Structures are given as structure tokens and as C-alpha cells.
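Student: I would like to see how this sequence folds:
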Amino acid sequence: SSFTEAMADKALEAFKNKYYVKNSTTGYDSLGGGFWGIAEVMEAMLDGYETTGKSIYRDMFQNTYKDFIARNGDYWSNNDFNDDIAWAVLDSVRAYLLFGDQSYLDIAKKNWDFMYKRGTEGRTDGMIRWSHENGRGDGTLSCINGPATVGACYLAIATGDDSYYTKAKRVFDAWRNSSLYVREGEDAGHVWDSAGNAWRSTYNQGTFLGAAIMLYEKYGTQQYYDDACNVMANTVKNLCYNNILKEENTNSGDLSGMRGILMRYMRKFIVDFNKGEYLSFFKDNARVAWMNSNSKGIMQCAWQGKASEDATWDSFAAYNAISLMANMPTYADSLQRDAYSNIEAEDLDYCKGLISENSGGTSGGRSLGGVKNGNYAAYYILVRQVRQNLHLNIQKVLKKKMQKEHWNLGLEAQQDHLLQRQALKIQEHGRTGRK
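Tutor: Residues are numbered from 1 along each chain as shown. Prediction:
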């Protein structure tokens, strides 16, 4: 049977019931402790909010974030691992973009700036040092360059400061041109863990994919588009069996939370690039994960196997399947929406600031609340090219409409990453426009 939104909601509720508990020390309800692991769990809550508008995701994120800050402070210079800082930055800058609280951006900016300065001092290769812990050396790994690049892209969007894009491009170009990435041949799209270590992980494949997408959407460079396509194809070919993800397979340690990273960037690739041929990945994996949950609805990292009844693992292992379901591109059979067909309000692709609530209206489904200046719901629709200059005509119409209605085309437009990359241009490669 098909995986449904009701199943996703039930799985999320089970996850919340087990893992969302009060920290007696800080007084906040939270999904767990630690640093980079809980940062990943939090980002999956942001994914779920951004793709559904449901308040349950927002509330769990915001309270867990408060607990995180109460435990770790808001300046993380005492953390020797630059990738840890990059992940917490991603939570912070994305929270700013979704909820508008300036404190999120202030935290993101000061920590990314510190991390980048510390991590690039003395380096000449353009990449970022992984760790400053004694005995770790000054080398770089894929695990730092990926989230740091994505974080810089989001900071550029949030601040309107293109120097962050410049830094993101510098890091990514050095990374993809190094021995850590296979650029050509049958294995193109394989992201290595480190020099001499060809381990292919959901973590590194995912962050490379996300970085390539965001840089392509900024610069339009064909190389970035090709890189994204190659990484996606390589990931499905090598990390799946019969379309079901087979790596990673543990409920403890760092590897237990890596699958969830890949999910958000696979969704971004499918939705932003209109790659419906990969939609079956989400549908097949979500169905299998749901079938393999235990009697309380809890799933494990390796969702291709049955979850045990005792479920002794923490939220870091359990969140992976939640990330999979939160990032479901669509429950429909196809990504395509005809511009002349009805689109239900809740069937959005991205949102900011709105809350999706059960509706008492005659149409059923849900309604969107919390509407105020700067908030939006975005719906991708199919735009058919009737003649060669159709794209240009659409651009002109949209631009005139924005000017007539006094839409803000300054900093807010730069902050609104959907508006920036979709509303003012209908891009090539068969991608959809924005309604």
C-alpha cells in the first residue's frame, strides 16, 4: 500500500512521545542532549516545518534549540570540531529564514565567521580544517567542507551579503577539484571521506548534493548542475538495494544519524530540479520504514530492518526515518501540477512563517494561518514552453506585477531564497516555476 500523510503524522507523534521530554536542568522540553547529533535532529524539525507548515515541528525545534543554547551557550569557540559548529549554524540560520527572529541570525553569523576564520588559517588549498583538537592534525575532510558551504549559502541569503556566496564557492570549488571527489567516469559523483579513504556516506553525498544545488541556483554554472546530477545518481546506485537505502546500519555513534542528512538534500534536488524520476525513492523507503516500525511506531536508523520493541537507541538514530517522511516531496503520483488545476493550500512545497492547521471548511484538509508580511507558501507548477521567448515574457510579467504591488525587491527578496531563485526566472533543465 502507499505511504500516506496520516502515516507520517502518526510516526512523528510516536517520535515525540518517546523523545521529547523536559530537561530538568534547563527546564526546556527537548529532543535530546549533545551537540552535533541533536543539531541534526533539530534540522529535521526545520525540514518538516518548511515542507508542511505544521506547528508540531516548529515547537519541537524551538524548545530543543533553547535547551541547546542553555547547555552550550551561543558562541561555540570551545568546540574543537568545525563540522559541529557548521551544523549548529545551519539550525540557526535556517530558523532565522523560517521564523524571522534576529537572534537566530546573530548566532549563526558570529559562529560561522569564527569557524571559517579558524578553519582556513594557514591553509592554501581553499578548504577548511576539520578539527583543532590535540593530535588530530590540520587536515581537511569532506564532513566539514559540505555543511560549511551550505551554511555560507544560507547566510548569504539571510544577510544579503554575497561575500558568503564567494566563500561558499571558494570552498566548494576547492573540494570538488580535489582528490575527495570523483568528477568523471563511471564513478562520477562519488564523494570520498578523506584523502585515501573512499568511504561513501549518506552524510558526504548529501552535503555535497546540497552545496552543488545551492551554488547552481545562485550562479547558474552548468558544472554545479552536473555535479548535483552525478552525486544523486551515484548515491542511488551505490547506497541502495532495490531502491531501498542500505547505509548506514547502526543505532549508536556518529553513523547512526547520517541518513537524515541525505534526505533533505535529495528532496531539494527532486523538487527544485523537477526530477520526478527519483520520487519512487521516497515512496519506497517511507513505506518500508513504516512497515518496520515497532508496535509503538518507533523506527531505527536502518529502517530496512524491523525495529525492536525495546528501542534502546536515542533520538539521533530514530530521527532518520522522521527526516525521510518530513522531506517527502509529494504524496501524489507525480511532481507535476497543472497551473489551471486546483491546488490545496496545504499541498505546498515550501513555506515561511505560516502554520498549517486542520480546516473546518467544506473542502476539508488544512488551512494556512499566521499570515503576515514576509510570510509565504510556495507552490511549484508546470510551465509549458509554447514558444521560444515564453520564459522572457513570464519574467517581464512577474517583474511588472512585483513593481505594481510594491513587492520588496531589496534585502527581503534576497532573504527569501525561493523568491530569489524562482519568481524572477524560469530556469532551464525543465525545472518548474513558482506560483
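Student: Give me the distance between residue 333 and residue 2.
Tutor: 9 Å (Cβ to Cβ, to the nearest Å). For every residue, glycine as well, the C-beta is placed using N, CA and C.
Student: Give the buried residues for the helix or strand containing residue 88.
Tutor: Per DSSP states H and E: residue 88 is located in helix 82-99. Going by neighbour count (16 or more other Cβ atoms under 10 Å), the buried part of helix 82-99 is 82-99.
Student: could you give the mean pLDDT of the helix or strand following it?
Tutor: Sequence order places helix 102-120 as the next helix or strand after helix 82-99, per DSSP H and E. The average pLDDT for helix 102-120 rounds to 98.
Student: packing partners for helix 102-120?
Tutor: Of the remaining helices and strands, those touching helix 102-120 by 3 or more Cβ pairs under 8 Å, 6 or more residues apart in numbering; DSSP states H and E are helix 82-99, helix 142-159.
Student: who touches it?
Tutor: Applying Cβ atoms under 8 Å, 6 or more residues apart in numbering, the contact partners of helix 102-120 are 69, 74-77, 82, 85-86, 88-89, 92-93, 95-96, 128-130, 132, 144, 148, 151-152, 154-155, 158-159, 167.
Student: Tell me where the chain has strands.
Tutor: Ranges of strands within the chain are 21-22, 29-30, 240-241, 244-245, 350-352, 355-358, 366-369, 376-378, 380-381, 433-434, based on DSSP state E.
Student: how far is stretch 105-114 from where the chain is centred?
Tutor: Counting by Cα atoms, centre = their mean, to the nearest Å, stretch 105-114 is centred 19 Å from the centre of its parent chain.
Student: quick one: buried residues of that stretch?
Tutor: 105, 107, 108, 109, 110, 111, 112, 114.
Student: Include distance to residue 32 when you put these into TSV, please.
Tutor: As requested, those are exported to TSV (distance: Cβ to Cβ, whole Å):
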residue	distance to residue 32
105	24
107	19
108	21
109	26
110	25
111	20
112	23
114	25
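Student: Out of these, the closest to residue 200 would be?
Tutor: residue 112 (27.0 Å; Cβ to Cβ).
Student: Against residue 155, how distant is that closest one?
Tutor: Relative to residue 155, and taking Cβ to Cβ, residue 112 is found at 6 Å.
Student: Pull up the overlap in contacts between those two.
Tutor: Listed as contacting both residue 112 and residue 155 by Cβ under 8 Å, 6+ apart are 89, 93.
Student: Endpoint to endpoint, stretch 169-185 covers what distance?
Tutor: Counting by Cα to Cα, to the nearest Å, you get 24 Å between the two ends of stretch 169-185.
Student: Residues touching it, excluding its own?
Tutor: 125-128, 141-142, 145-146, 148-149, 152, 188-195, 208, 211-212, 215, 219, 227, 234.
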